[in-house]
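Student: My questions concern the predicted model and sequence given below.
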Amino acid sequence: MAHVVAETCHDCKYTDCCVVCPVECFYQDDNMLYIDPADCIDCEACVPECPVEAIYSEANLPTQWTSYIELNKERATALKGDGHITDKHDPKEGPGCKAKA
């Protein structure tokens, strides 16, 4: 079972989680981050690093966000070339960001 980046990351992209990931399974596009479920080892290192509480284990993902399981898989696969991220970048807060940080 993998972890999933969900709704609260959309338009509110912090990269603190990417730095602590031991298997470097994060990908990004202009809107948000994604976790590659094929690479995620379910270590939970990323969970406390997310200031908007957007990362969940699949088992604990709120029902209204179950579509993010497939979205993470699809987007991580599509972004394999240019979207891989392992370093911390400045936060990107768009108009839809509801940051708690």
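Tutor: Perfect, I can see it now.
Student: Outside of the lengthiest helix in the chain itself, list whatever touches it.
Tutor: Of all segments of type helix in the chain, defined using DSSP state H, the longest is helix 67-78. With Cβ atoms under 8 Å, 6 or more residues apart in numbering as the contact definition, helix 67-78 has outside contacts at 2, 4-7, 25, 27, 29, 34-38, 58, 61, 83. For the C-beta atoms, the positions are set from N, CA and C on the backbone; glycine is no exception.
Student: Then stretch 7-16?
Tutor: Residues from elsewhere that reach stretch 7-16, judged by Cβ under 8 Å, 6+ apart: 26, 28, 31-33, 49-55, 64-65, 68, 85, 87-89, 91-99, 101.
Student: quick one: average confidence on the longest helix of the chain?
Tutor: Mean per-residue pLDDT for helix 67-78: 97.
Student: where are the low-confidence patches of this structure?
Tutor: Within the chain, the segments meeting pLDDT under 70 span 99-101.
Student: need the strands for it, in chain order.
Tutor: Secondary structure of the chain (DSSP state E): strands located at 3-5, 12-13, 26-28, 33-35, 55-57, 92-93.
Student: and the longest helix of the chain, which residues are buried?
Tutor: Residues of helix 67-78 classed as buried by neighbour count (16 or more other Cβ atoms under 10 Å): 68-69, 71-73, 75-76.
Student: same check, this time on stretch 18-28
Tutor: 18-19, 21, 25-28.
Student: before we move on, back to that, among the contacts of helix 67-78, name the buried ones.
Tutor: Here, 16+ other Cβ under 10 Å leaves 2, 4-7, 25, 27, 34-37, 58, 61, 83 buried among the contacts of helix 67-78.
Student: so can I have a markdown table of those showing distance to residue 14?
Tutor: Below are these laid out as a markdown table (distance: Cβ to Cβ, whole Å):
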| residue | distance to residue 14 |
| --- | --- |
| 2 | 20 |
| 4 | 16 |
| 5 | 11 |
| 6 | 14 |
| 7 | 14 |
| 25 | 16 |
| 27 | 15 |
| 34 | 14 |
| 35 | 14 |
| 36 | 18 |
| 37 | 21 |
| 58 | 21 |
| 61 | 19 |
| 83 | 16 |
